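Participant: fold the following for me, if possible:
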Amino acid sequence: MATVTKAILTDETGLKIVDAINAKNIMDIINNYGLSHNSIYRGKDLTSYFASGEMSQAIANGTFKDIYIGDYIIQPITVDGTTYNVKWVVADFDYYYGVGDTECTAHHILMIPDVTVQMNVSMNDTNDTTGAYLGSKMWTVNMPLYKTGIINAFGDAHVLKHRELLTKTMSPTATSAAGAGWTGSCTDWEWADTWVNIPNEPMVYGGRVFSSSGFDVGCANKQLALFRHERFSKNKYSDGARKWFWLRAVASGSRFCVAYGDGGASCTDASGRNSRGGVRPYFLLR
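Facilitator: This next block holds a predicted model:
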């Protein structure tokens, strides 16, 4: 890593790279050109920075000054009466900027917990994906609970409402792109007001794996910068456990996709729930 001295910018061996005036220009570009921050992983605690109000200014003007991938805010949230102490990690800058049938024009940071937040949560009460994601219990019941909890924790002014293209119909007889001869595939989508959501496969892996069709991708069609820098399964609980989390993609007429704690891409029954995994939601911080 390069270090700035009084006279020169050097690498770790002491070799001169550029003189100081050029070094300052380079650092100014890195610090003030917002989207370049998607390429730099740091891991700094920004809790005090956010509380000061300065971080929100850096987001609003699009410079994202002193904010990098892997940085985090410690902020508890209360969901349906239970409080969770969450480490919210900077996962991407302006992920939805310019996206939507109503265009998103506000600069933002996509924040996601470092680990699964809530266990023992199913996508639906039965092994049926009729209604696709927009018809699921996860979207209709659980996401509103997280919306309330996150807005109460961060403040309404800091949680960006935006539009996402989400699946609304599933044909039980259509062949699923997941393979294995499965049937059940999403056949339509619509734009929906969104405050909080769970990821799809491209956001985690960079492409489709078990998703039933292209409709499961929608407008979230690139990998989060965080998961380009580190595997989604890297972080563990204090007891060493790695938890799986739901993805919003339908896999078949009875299954939704999941990201497993061992690093594998997979899917499971829509009614599946256990103490080893559940919900890892994201929101856009402004």
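Participant: please make it C-alpha for all contacts and neighbour counts, starting now.
Facilitator: Noted.
Participant: name the helices or strands packed onto the helix or strand that contains Ser48?
Facilitator: Here Ser48 is covered by helix 47-52, with elements defined by DSSP states H and E. Helix 47-52 makes packing contacts with strand 72-74 when contacts are defined by 3 or more CA pairs under 8 Å, 6 or more residues apart in numbering; DSSP states H and E.
Participant: which is the next helix or strand following the strand it packs on?
Facilitator: In N-to-C order, the element after strand 72-74 by DSSP H and E is strand 77-79.
Participant: mean confidence score for that following strand?
Facilitator: On average, the pLDDT along strand 77-79 is 99.
Participant: same check on stretch 210-220?
Facilitator: On average, stretch 210-220 scores 98.
Participant: and what of stretch 162-182?
Facilitator: 98.
Participant: so after the helix holding Ser48, what's the next helix or strand?
Facilitator: Counting by DSSP H and E, what follows helix 47-52 is helix 54-60.
Participant: around Trp246, how many other residues sit close by?
Facilitator: 28 (other CA atoms under 10 Å).
Participant: quick one, what contacts it?
Facilitator: 123, 198-199, 256-259, 277-280 (CA atoms under 8 Å, 6 or more residues apart in numbering).
Participant: let's see it at 10 Å
Facilitator: 116, 121-123, 138, 198-201, 256-260, 266-268, 270, 277-281 (CA atoms under 10 Å, 6 or more residues apart in numbering).
Participant: with Thr175 instead?
Facilitator: Applying CA under 10 Å, 6+ apart, the residues contacting Thr175 are 181-186, 212-213, 252-253.
Participant: show me the helices in the stretch 151-286 of the chain, by range?
Facilitator: 201-205, 225-229 (DSSP state H, counting those that start in this stretch).
Participant: any stretches of the stretch 151-286 of the chain with poor pLDDT?
Facilitator: For the stretch 151-286 of the chain, no stretch is flagged by pLDDT under 70.
Participant: mind listing the strands for it?
Facilitator: Here the stretch 151-286 of the chain has its strands, by DSSP state E, counting those that start in this stretch, at 162-175, 183-194, 196-197, 244-250, 255-259, 265-269, 277-279, 282-285.
Participant: deepest in the core, which of those is it.
Facilitator: Across these, averaging neighbours per residue (mean count of other CA atoms under 10 Å) puts strand 244-250 on top, at a mean of 28.
Participant: next, the angle from that strand to strand 265-269.
Facilitator: Calculated by axes from the mean of the first three to the mean of the last three CA atoms, to 10 degrees, strand 244-250 forms an angle of 80 degrees with strand 265-269.
Participant: touching, Thr148 and Val141? I think so.
Facilitator: No - the pair Thr148 and Val141 does not pass the contact test of CA atoms under 10 Å, sitting 11.5 Å apart.
Participant: mind telling me what element Gly100 is part of?
Facilitator: Going by DSSP H and E, Gly100 is not in any helix or strand.
Participant: how many residues are close by it?
Facilitator: Gly100, neighbours per other CA under 10 Å, totals 17.
Participant: can you give me the strands in the stretch 1-150 of the chain?
Facilitator: 3-4, 8-10, 16-19, 72-74, 77-79, 82-84, 87-93, 109-113, 118-119.
Participant: re the thing from before, buried stuff in the helix holding Ser48?
Facilitator: For helix 47-52, burial by neighbour count (16 or more other CA atoms under 10 Å) applies to 47, 50.
Participant: for Gly240, grab the count of nearby residues.
Facilitator: 8.
Participant: also Asp45?
Facilitator: Asp45 has 17 nearby residues by other CA under 10 Å.
Participant: tell me the contacts of the closest residue in space to it that isn't next to it in sequence?
Facilitator: Once flanking residues are discounted, Asp45 sits nearest to Tyr72: 5.2 Å by CA to CA, 6 or more residues apart in numbering. Contacts were defined as CA under 10 Å, 6+ apart; by that measure Tyr72 touches 42-47, 50, 86-91, 111-114.
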